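In: model this:
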Amino acid sequence: MTVMGVLDEIVDTARYPLADPEGEGWRAAVGAARAELAATGCHVLREFVRPELVETLRAQGEAIAPDAYYKVERVNAYNIPLDSELPQDHPGAIVLERGNAFVPRDLIPADALIHRLYVSEVFQRFVADCFGLPGLHEFADPLAGLCLNVVAPGMSHPWHFDTNEFTVSMLTQPAEAGGVFEFCPNIRSAEAENLDDVRAVLTGTGDYPVQRLELRPGDLQLFQGRFSLHRVSPVSGAVQRHSAIFAYTDRPGVIGTVERTRQLFGRVLPDHVAAAASAVRGDRLLD
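Out: This is a model prediction of the structure:
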């Protein structure tokens, strides 16, 4: 099967005609994405996956969900050690409870729909074009490059920032209730942490705008989570919330920190230890 064939088979090409990168359909999809990303840092391509594959998408996620690393952690929004030396009023000193779990890339089958999309060169080109970039690299992290985010009833994925600038995700199974994606568009920048606004959101004070996004299985979400504080609200009911996270970066060699990797996956590989001494970063934000 050709690389384009992967998209032909998985993507609803009647809705998103991506066969021709120079074609009108491609340009229309990219134009809409760029406009909304510029405005809010988030864009959703509704029903990106073919409708007849939505149940397969859900079932594949459900099959690997038991492989997720489950451990309720006390964290902060920056995913740095809680004993970091910070001023008392710093938002990084606010302790949150993270109850979501992750299935890492090395436990996701290569023939899974989400893996086939993630490694597709045409898909990567489309995503890069939407972000206005000449190209994208798969996150070099052997665990965090592609993962399934699992939020069980009673749990949530608390407020946080992403390590990588560009995140692509896809809901594969919605919660019965709750599990809403919430975000604060561009609450910080590469030049400024804007600590007062972040603290206000974390403490529920102030009036910084929080947007809430209702997602459906098969929707493709493009998000600039490095600069927008975001979370998945508490899940209720009897059904877990599952979403695939496709991590890309505009620079090669980006690997997660040892601390964050241990938090998310319960293990650290030699790649993470080796990268700690020469981490590839594009800014000086806390994390």
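
In: contacts, neighbours, all on C-alpha from now
Out: Noted.

In: in the stretch 1-150 of the chain, what spans have low per-residue confidence?
Out: Low-confidence segments of the stretch 1-150 of the chain (pLDDT under 70): 1-4.

In: would you enumerate the residues in contact with D20?
Out: W26 (C-alpha atoms under 8 Å, 6 or more residues apart in numbering).

In: measure it to V122 for me?
Out: Using C-alpha to C-alpha, to the nearest Å, D20 is found at 10 Å from V122.

In: please apply the same query to R262.
Out: As judged by C-alpha to C-alpha, R262 and V122 stand 32 Å apart.

In: these two - which one has more neighbours?
Out: Neighbours per residue (other C-alpha atoms under 10 Å) separate R262 from V122, with V122 holding more: 20 against 14.

In: that one: helix or strand, and which one exactly?
Out: helix 121-130 (DSSP states H and E).

In: just R260 next, same as before
Out: Using DSSP H and E, R260 falls within helix 258-265.

In: one more: A200?
Out: Going by DSSP H and E, A200 is part of helix 195-203.

In: mind listing what's buried along that helix?
Out: Neighbour-count burial for helix 195-203, counted by 16 or more other C-alpha atoms under 10 Å, picks out D197, V198, R199, V201, L202.

In: how far does whichever helix or strand comes after that helix sit from its chain's centre?
Out: Using DSSP H and E, the helix or strand that follows helix 195-203 towards the C-terminus is strand 211-213. Taking C-alpha atoms, centre = their mean, to the nearest Å, one finds the center of strand 211-213 at 15 Å from the center of the full chain.

In: next one: stretch 140-157
Out: On C-alpha atoms, centre = their mean, the centre of stretch 140-157 falls 9 Å from that of its chain.

In: got the buried residues for it?
Out: Applying 16+ other C-alpha under 10 Å to stretch 140-157 flags 140-157 as buried.

In: coming back round to it: widest-spaced pair of the buried residues of helix 195-203?
Out: Taking C-alpha to C-alpha, the two most distant members of these are D197 and L202; they sit 8.8 Å apart.

In: identify the residues contacting the helix holding V122?
Out: 3-4, 7, 18, 21, 29-31, 33-34, 117-118, 134-136, 222.

In: picking up where we left off before, tell me what the helix holding R260 is packed against?
Out: strand 101-103, helix 270-276 (3 or more C-alpha pairs under 8 Å, 6 or more residues apart in numbering; DSSP states H and E).

In: CA atoms only: put the helix or strand that the first one is followed by into PDB for me.
Out: I take that to be strand 101-103. Next along the chain after strand 101-103, taking DSSP H and E as the criterion, comes helix 113-119. The C-alpha trace of helix 113-119 is given here as PDB (Å, rounded to 0.1, in the frame of the first residue of the first chain):
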ATOM      1  CA  LEU A 113      -5.200   3.100  12.600                       C
ATOM      2  CA  ILE A 114      -3.600   5.700  14.800                       C
ATOM      3  CA  HIS A 115      -0.100   4.400  14.200                       C
ATOM      4  CA  ARG A 116      -0.600   4.200  10.500                       C
ATOM      5  CA  LEU A 117      -1.700   7.800  10.400                       C
ATOM      6  CA  TYR A 118       1.100   9.000  12.700                       C
ATOM      7  CA  VAL A 119       3.900   7.600  10.400                       C
END
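
In: what sits up against the helix holding R260?
Out: So helix 258-265 is contacted by 68-69, 73, 79-81, 101-104, 143-144, 267-268, 272-273, 276 (C-alpha under 8 Å, 6+ apart).

In: from the chain's centre, how far out does it sit?
Out: Per C-alpha atoms, centre = their mean, the displacement of helix 258-265 from the mean C-alpha position of its chain is 16 Å.

In: quick check: E121 vs R212, distance?
Out: According to C-alpha to C-alpha, E121 stands 31 Å off from R212.

In: no further queries at this time; thank you.
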